[in-house]
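**Q** Structure, please.
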Amino acid sequence: MKASLALALPFLLALLLVGPAAASEQHPTLPELEGELICPTCKTTLDQSEAPVANQIRSFVRQRIAAGDTKSEIKAKLVGFYGPEVLAAPSKRGFDLIAWLLPLGGLAAGLVAASALAWRWSRSRGDPPSPGGRIALEPALERRLDEELRRFDG
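**A** Residues are numbered from 1 along each chain as shown. All right, here's what the predicted structure looks like:
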């Protein structure tokens, strides 16, 4: 029962997030779009820019939201006017897909390297202990240890 719940939990979480994402697409707000658009003049997001062009874009976005446009429609109109550089995130198509996949590839390579190093380190820990779980000592050290232990116990 616990295993099936653990498997179903990610799917339930995904279903919970679909509603807000769809609502954000259908009814965008100016603050969320300000973080996703870049000012063509100063190359910062609109929420950080006070350039006249940024103010014009904000005004355009407000008008389009009032007209009932979706987030995708507003972005498409801005890309048509200013070009793809107005978007803060690269598209997920063509050559721009590299910008999304490269960090994931680096993360995967780092995990493989860390795993290989951990495996190699665990194999080079020295000689395994002798049978019986005791480490073989020189006879003189063995006698001294036995004496110390007897003195400690007594």
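
**Q** quick one, longest helix in the chain?
**A** Counting residues, the longest helix in the chain under DSSP state H turns out to be helix 97-123.

**Q** what residues are up against Arg64?
**A** The neighbours of Arg64, taking C-beta atoms under 8 Å, 6 or more residues apart in numbering as the test, are 73-74, 77. Just so you know, the C-beta spots here come from the backbone N, C-alpha and C atoms, and that holds for glycine as well.

**Q** which helices and strands sit right next to the next helix or strand after the longest helix of the chain?
**A** With elements assigned by DSSP states H and E, the helix or strand that comes after helix 97-123 is helix 139-153. Helix 139-153 sits against no helix or strand, with contacts defined as 3 or more C-beta pairs under 8 Å, 6 or more residues apart in numbering; DSSP states H and E.

**Q** Give the rounded mean pLDDT of helix 139-153.
**A** Across helix 139-153, pLDDT averages out at 89.

**Q** same thing with stretch 99-119?
**A** 90.

**Q** what's the distance between that stretch and the middle of its chain?
**A** Distance of stretch 99-119 from the chain centroid (C-alpha atoms, centre = their mean, to the nearest Å) equals 13 Å.

**Q** can you pull the alpha-carbon coordinates of it into PDB?
**A** C-alpha atoms of stretch 99-119 as PDB (Å, rounded to 0.1, in the frame of the first residue of the first chain):
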ATOM      1  CA  ALA A  99      20.300  25.900 -23.500                       C
ATOM      2  CA  TRP A 100      17.900  23.600 -21.700                       C
ATOM      3  CA  LEU A 101      19.700  20.300 -22.200                       C
ATOM      4  CA  LEU A 102      23.300  21.400 -21.500                       C
ATOM      5  CA  PRO A 103      22.800  21.900 -17.700                       C
ATOM      6  CA  LEU A 104      21.100  18.500 -17.500                       C
ATOM      7  CA  GLY A 105      23.900  16.900 -19.300                       C
ATOM      8  CA  GLY A 106      26.400  18.600 -17.000                       C
ATOM      9  CA  LEU A 107      24.500  17.400 -14.000                       C
ATOM     10  CA  ALA A 108      24.400  13.800 -15.300                       C
ATOM     11  CA  ALA A 109      28.100  13.900 -16.100                       C
ATOM     12  CA  GLY A 110      28.800  15.200 -12.600                       C
ATOM     13  CA  LEU A 111      26.800  12.400 -11.000                       C
ATOM     14  CA  VAL A 112      28.600   9.700 -13.100                       C
ATOM     15  CA  ALA A 113      32.000  11.200 -12.200                       C
ATOM     16  CA  ALA A 114      31.100  11.400  -8.500                       C
ATOM     17  CA  SER A 115      29.800   7.800  -8.500                       C
ATOM     18  CA  ALA A 116      32.900   6.500 -10.300                       C
ATOM     19  CA  LEU A 117      35.100   8.300  -7.800                       C
ATOM     20  CA  ALA A 118      33.100   7.000  -4.800                       C
ATOM     21  CA  TRP A 119      33.300   3.500  -6.200                       C
END
